[in-house]
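[1] okay, sequence plus prediction incoming.
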Amino acid sequence: MSLALVSDFDLSARNTLALKARSRFGVLIDDAALLPVLFETARAETLPVRILGGGSNVVLSSAFEGITALIALKGKRVVSEDDTVTTIEAAAGETWHELVIWSFEQGLGGLENLALIPGAAGAAPVQNIGAYGAELADFFDSLIAYDRQSGKEIAFNREECAFAYRDSVFKHEPDRYVVLSVRLRLPKVWVPNLNFAGLSDLSGEELTPKAVMDRVIALRTSKLPDWRITPNAGSFFQNPIVTGEEAAQVLAEFPTAPAFTQANGRLKLSAGWLIEKAGLKGARMGPVGTSERHALVLVNHGGAEQADVAAFAAHVKESVNGRFGIQLHEEPVFL
Ligand SMILES: Cc1cc2nc3c(=O)[nH]c(=O)nc-3n(C[C@H](O)[C@H](O)[C@H](O)COP(=O)(O)OP(=O)(O)OC[C@H]3O[C@@H](n4cnc5c(N)ncnc54)[C@H](O)[C@@H]3O)c2cc1C
């Protein structure tokens, strides 16, 4: 097997922030057998490798002196079923939203709350994607990843992935694993998950996974700027999970501020709310700003590079910390 390396690879159209970004080499991985060749080549040439899916959760550097591997492994299938659950599998390069639609076509509900999240199936476990009261971990069965250290393919079950809020083992070992395929367990008897504002009024005989998905899509498109028109990476900061003491300043001033008690007794605050209250909704610094529609979304107004995003993100973090004493953390990965 030989690698089809492309020199001076332009990634500007391959990241949803539309940052100006080039890579010394780019390569399409459409066969898992290319991975050992890729890492051997990189070792021989002493070049770093970074992995890219749909480019919807990254802040790419303007000039990467290495190889960017675009994961384009395709295929989805029903693996098995028993009386209660159907297990499906998607290769890492499958588009997440298309997988949601395909699961409906197989007569399987479950993934509707996670509809329209951009990106590829292989990246979904990396940050345990979540939306509208659901997250990947709720349906996760297992995955296969290529281990760069041993050169072997290994299986991970749910516990081994160490899923948490927008987190997994893969986020902590970014240079080790390449996710090749993901298996999900979908219930035979559909139980709608309507415990989220905007969904709770759905009811009646007409209630189907498709009806919930349509509502999720309507809510998402009304709240979030379309990245094809206004380039962005979705929520730019994680909702901070803090102690009661850390939240005290916010809650003393704003007793009705959004604050959700977690299983461990800590409080999850709304990063978007904090940014808005810090006066930064619609703020702008050079080519980067927060969306007029949603303070949590950083947008590229045109011509931005990684450094512009980093500078504005730092400004937002300092402002929120200065105003409320709360530290925000970026959700997208700087690559
Ligand atoms: C408009 C918008 C809305 C969004 N809404 C949500 C939301 O509601 N909920 C949510 O959780 N996220 C959301 N996101 C973030 C993003 O869509 C998800 O994180 C998605 O899973 C990223 O997929 P990707 O293929 O684009 O990953 P990329 O951006 O290409 O990569 C993200 C990270 O994963 C790594 N990676 C990618 N593929 C693999 C692989 N096969 N193996 C190992 N590592 C890999 C990359 O190296 C990188 O570190 C949103 C983004 C946008 C632009």
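    Received it, and whenever you're ready, just let me know what you need.

[2] and the closest residue to the ligand within the stretch 201-335 of the chain, which of the three is it?
    Closest contact between the stretch 201-335 of the chain and the ligand, by CB to the nearest ligand atom, is at residue 234 (2.6 Å). The way it works is simple: take the backbone N, C-alpha and C, and place the C-beta from them, glycine included. Under DSSP: H, G, I helix; E, B strand; the rest coil, the three-state class of residue 234 is strand.

[3] is it in contact with residue 55, as I believe?
    No: assessed by CB atoms under 8 Å, residue 234 is found out of contact with residue 55, at 11.8 Å.

[4] residues shared between the contacts of the two?
    Both residue 234 and residue 55 are in contact with residue 16, where contact means CB atoms under 8 Å, 6 or more residues apart in numbering.

[5] settle it for me: which of the two has more neighbours?
    A side-by-side neighbour count of residue 234 and residue 55, using other CB atoms under 10 Å, places residue 55 first with 27 against 23.

[6] so the more buried one touches residue 19, yeah?
    No: Residue 55 lies out of contact with residue 19 (CB under 8 Å); the separation is 9.3 Å.

[7] near the ligand, which residues of the stretch 151-300 of the chain?
    When proximity is defined by CB under 6 Å from any ligand atom, the stretch 151-300 of the chain lies next to the ligand at 170, 174, 177, 178, 179, 224, 227, 232, 233, 234.

[8] hmm, the first one is touching residue 122, no?
    Which is residue 170. No: with contact defined as CB under 8 Å, residue 170 and residue 122 do not form a contacting pair (9.7 Å).

[9] what is in contact with these two at once?
    Joint contacts of residue 170 and residue 122 (CB under 8 Å, 6+ apart) are residue 179.

[10] distance-wise, check the residue nearest to residue 141 when sequence neighbours are not counted relative to the ligand.
    Of all residues not flanking residue 141 in the chain, residue 183 sits nearest, at 4.0 Å (CB to CB, 6 or more residues apart in numbering). Computed as CB to the nearest ligand atom, to the nearest Å, the residue 183 to the ligand distance reads 14 Å.

[11] buried residues, the host helix or strand of residue 183. List them.
    Element membership of residue 183 [criterion: DSSP states H and E] is strand 177-187. By 16 or more other CB atoms under 10 Å, the buried positions in strand 177-187 come out as 177, 178, 179, 180, 181, 182, 183, 184, 185, 186.

[12] can you name every helix or strand that it contacts?
    strand 63-71, strand 85-91, strand 140-147, helix 169-172 (3 or more CB pairs under 8 Å, 6 or more residues apart in numbering; DSSP states H and E).

[13] make TSV out of these and add mean neighbour count and mean pLDDT.
    As requested, those are exported to TSV (neighbours: other CB atoms under 10 Å; pLDDT from 0 to 100):
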stretch	mean neighbour count	mean pLDDT
strand 63-71	20	98
strand 85-91	21	98
strand 140-147	20	98
helix 169-172	16	96
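
[14] can you put these in CSV and add distance to residue 323?
    Shown next, in CSV, are the helices and strands packed on strand 177-187 (distance: least, CB to CB, whole Å):
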stretch, distance to residue 323
strand 63-71, 35
strand 85-91, 42
strand 140-147, 37
helix 169-172, 28
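
[15] what's the closest of the ones you listed to residue 317?
    helix 169-172 (19.0 Å; CB to CB).

[16] tell me what the closest one is packed against?
    Looks like helix 169-172 contacts helix 158-161, strand 177-187 (3+ CB pairs under 8 Å, 6+ apart).

[17] ok, back up a step: partners of the strand holding residue 183, with directions?
    Paired strands of strand 177-187, with direction, are strand 85-91 (antiparallel), strand 140-147 (antiparallel) (DSSP bridges).

[18] all set now, cheers.
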